[in-house]
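Asks: Predicted model and sequence below, questions to follow.
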Amino acid sequence: MQRSAVSRARKTFAVAGVAVLALLAGACSGNDSTQVAPVAVTQEDLTQLPEANTFGTVTGAPTDPQAAAGAAAGKVLHPKSDLVVYAGVGGKPIAKLPSIQMGSPTWVPVVAEQGEWAEVLLPTRPNASAGWVHVPEGAAETAQNDYAVQVDRASFRLQILENGKTTGSWTIGTGKPEHPTPAGRAYIIASIEETKNTYSPIVLPLSYHSDSLETFGGGPGTVGLHTWPNDSFVGKANSDGCIRVPQDALEQLVKLPLGTIVNIT
């Protein structure tokens, strides 16, 4: 081989070696797909996004990846300010998640994580909506929630679980056939002291909505947990979609953290 050819070969090898070293360095430093930056959203863009609350509908949202997985405790997230919700990691902006929901701080269940990204369940229509938020350090608070609630419509049974173990079980009432309580993995979004009605001192609205009622009582058809003035509901399907519980059950349910999963089967 001539000297010029040898020189070129050495240079080619050197360049290739640098490229390999760069790839190795990137792999060792954790520069992978989990570090995808979010699509930039201006303040004007943010105002145009639908709000991910019980009054909203988010189109293009992914579906809860484990909607039928059952009640499960886990991480919950509270945004310190409005967070943009994306269709996927690095995907299209589809909504904004507010820091306050129905007068209560927003706490949403985290169902998947990739680096600084978290997939959370949304309290909007359609039911079982999810979305991805980018949460670098300082953007949100997180906590471990050891509680979950299991609702079996067939047996009219509600159970509170702590770390998978039952701590309380009650006979309940559910939605009538024409307005059934929707099935799926919902969660508690707020705690409201009732002032307009007298049927329950506190109502716990869930992230799910009625499939048969677009509106109810001036609201968006949000399904809730609440008690009733008498025991006529016990073991019966006679509500408009909400889950009616005994007073002692409500007293335990109101102690649960916001964001607690309520799995309805």
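Replies: That came through, no problem.
Asks: When you work out contacts or count neighbours from here on, use the C-alpha atoms and nothing else.
Replies: Noted.
Asks: Provide a list of residues in contact with the spatially closest residue to Ala52 that is not a sequence neighbour.
Replies: Nearest non-adjacent residue to Ala52, counting by CA to CA, 6 or more residues apart in numbering: Leu97, 5.0 Å away. Applying CA atoms under 8 Å, 6 or more residues apart in numbering to Leu97 gives the contacts Glu51, Ala52, Asn53, Pro79, Asp82, Leu83, Val84, Val85.
Asks: wait, isn't Ala72 in contact with Asn145?
Replies: No: the pair Ala72 / Asn145 is not scored as a contact, 9.3 Å apart, by CA atoms under 8 Å.
Asks: which residues of this structure score low on pLDDT?
Replies: Within the chain, the segments meeting pLDDT under 70 span 1-34, 70-71.
Asks: Can you show me the helices along it?
Replies: Assigned by DSSP state H, the helices in the chain fall at 3-29, 43-48, 247-253.
Asks: Look up how far Pro123 lies from the residue nearest to Ala52.
Replies: Going from Leu97 to Pro123 by CA to CA, to the nearest Å gives 10 Å.
Asks: Overlap of the contact sets of the two?
Replies: Common contacts of Leu97 and Pro123 (CA under 8 Å, 6+ apart): Ala52, Asn53.
Asks: domains of this protein?
Replies: 43-144, 147-264 (automatic domain parsing).
Asks: Distance to Gln35 for these - can I get that in CSV?
Replies: Formatted as CSV, these follow (distance: least, CA to CA, whole Å):
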stretch, distance to Gln35
domain 43-144, 6
domain 147-264, 26
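Asks: Out of these, the one nearest Val36 is which?
Replies: If you check each of the domains of the chain against Val36 by CA to CA, domain 43-144 wins as the nearest, at 5.9 Å.
Asks: coming back round to it: make JSON lines out of the contacts of Leu97 and add neighbour count and distance to Trp132.
Replies: JSON lines is the format used below for the contacts of Leu97 (neighbours: other CA atoms under 10 Å; distance: CA to CA, whole Å):
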{"residue": "Glu51", "neighbour count": "22", "distance to Trp132": "14"}
{"residue": "Ala52", "neighbour count": "26", "distance to Trp132": "12"}
{"residue": "Asn53", "neighbour count": "22", "distance to Trp132": "15"}
{"residue": "Pro79", "neighbour count": "21", "distance to Trp132": "13"}
{"residue": "Asp82", "neighbour count": "17", "distance to Trp132": "13"}
{"residue": "Leu83", "neighbour count": "22", "distance to Trp132": "10"}
{"residue": "Val84", "neighbour count": "25", "distance to Trp132": "8"}
{"residue": "Val85", "neighbour count": "30", "distance to Trp132": "5"}
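Asks: Now, those that are in strands?
Replies: By the criterion of DSSP state E, membership of these in strands covers Pro79, Leu83, Val84, Val85.
Asks: Give me the spatial nearest neighbour of Asn238, chain neighbours excluded.
Replies: Lys176 (4.5 Å).
Asks: Pick out the residue nearest the middle of the protein.
Replies: For the chain, the residue sitting closest to the mean C-alpha position, by CA atoms, centre = their mean, is Leu121 at 1.8 Å.
Asks: roughly how far apart are Gly184 and Val110?
Replies: Per CA to CA, Gly184 is found 16 Å from Val110.
Asks: Let me know how buried Ser81 is, in neighbour terms.
Replies: Per other CA atoms under 10 Å, the neighbour tally for Ser81 reads 14.
Asks: Let me see the contact set for it.
Replies: Shown in contact with Ser81 (CA under 8 Å, 6+ apart): Pro98, Ser99, Ala139, Ala140.
Asks: do Leu250 as well
Replies: Leu225, His226, Thr227.
Asks: taking these one by one, which sit in strands?
Replies: Using DSSP E, Leu225, His226 are the members of the contacts of Leu250 that sit in strands.
Asks: which one of the contacts of Leu250 has the most neighbours?
Replies: Thr227 (25 neighbours).
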